[in-house]
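Participant: predicted model and sequence follow; I will ask about them next.
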Amino acid sequence: MAAFDPSTQGPGNARPRHRVRPPPPDPRVHAMPSGRTCPTVSIGLAIRARLHTMAAERETIVLPLILMLATPPYAVPPGLAVMAGLEGCWRVDGQVQGKESPSIARGEWHLGRRYFTLHLRATGSDPYEAAITYGAGEKPRAIGSMFSDTFGGLYEPSLGLGELEQDGFVQRYRFPDATYVNRFGRSGTGWRWTITEETKDKPPSVFADYRLRPASCRGMTFDY
């Protein structure tokens, strides 16, 4: 091996030094100017956020379905089940306090057969309309109701309580001076609906007496 001669090591005669090459750039990472976000990273974050949103949406949809499947179907109690006989439309002949009061009526279920509403509208010279909503009572044969009509107001006497009877059902609305007993009974293909006024000082008297006959719903309208 030749001896090292410093005189021969000028700038033009310098031996090339071994250079260490840097590793190739990671294709997943790109150098970006300061203050900017790498597009690849941004796309990844967006995808991750979307997947999180989709998972939350699936949970929002699936959980109620699971609860619905786990909840047993609603069974209409015997007391409320009698209302099925009043479903549909009716022509009503009757008297109120001794005066003729022709009317129309319609019965319909609501909220998965948990409530039943009977609409009544007078078609004579005296305008009157009522809507009675029935629901199940505390016991299987018990029935409760709320009586709303054109006289207005909603207070304790508006709440009726009663139960099944042999051929129908009864509801009692208790006012300070009297109790009005509403009794529905089967009559052929229709119903008889009587309202009896009971007071402490007098014998019971008939307040209203209606007879309901099946009819077409065509042309029947109600405000409530």
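Facilitator: Cool, the structure landed. Residues are numbered from 1 along each chain as shown.

Participant: can you give me the separation between residue 131 and residue 53?
Facilitator: Distance, residue 131 to residue 53, using Cβ to Cβ, to the nearest Å: 45 Å. Bear in mind the C-beta positions are built from the backbone N, C-alpha and C, glycine included.

Participant: which of these two has more residues huddled nearby?
Facilitator: residue 131 (18 against 10; other Cβ atoms under 10 Å).

Participant: skipping adjacent residues, who's closest to the more buried one in space?
Facilitator: Spatial nearest neighbour of residue 131, excluding adjacent residues (Cβ to Cβ, 6 or more residues apart in numbering): residue 224 at 4.0 Å.

Participant: the one you found touches residue 120, doesn't it?
Facilitator: No: under the criterion of Cβ atoms under 8 Å, residue 224 makes no contact with residue 120, lying 9.8 Å away.

Participant: distance between stretch 137-155 and the chain's centre?
Facilitator: 20 Å (Cα atoms, centre = their mean, to the nearest Å).

Participant: what helices or strands is the strand or helix carrying residue 79 leaning on?
Facilitator: Using DSSP states H and E, residue 79 sits within helix 78-81. Counting contacts by 3 or more Cβ pairs under 8 Å, 6 or more residues apart in numbering; DSSP states H and E, helix 78-81 is packed against strand 129-136, strand 142-149, strand 159-165.

Participant: was I right to think residue 77 contacts residue 135?
Facilitator: No: using Cβ under 8 Å, residue 77 makes no contact with residue 135, being 9.6 Å away.
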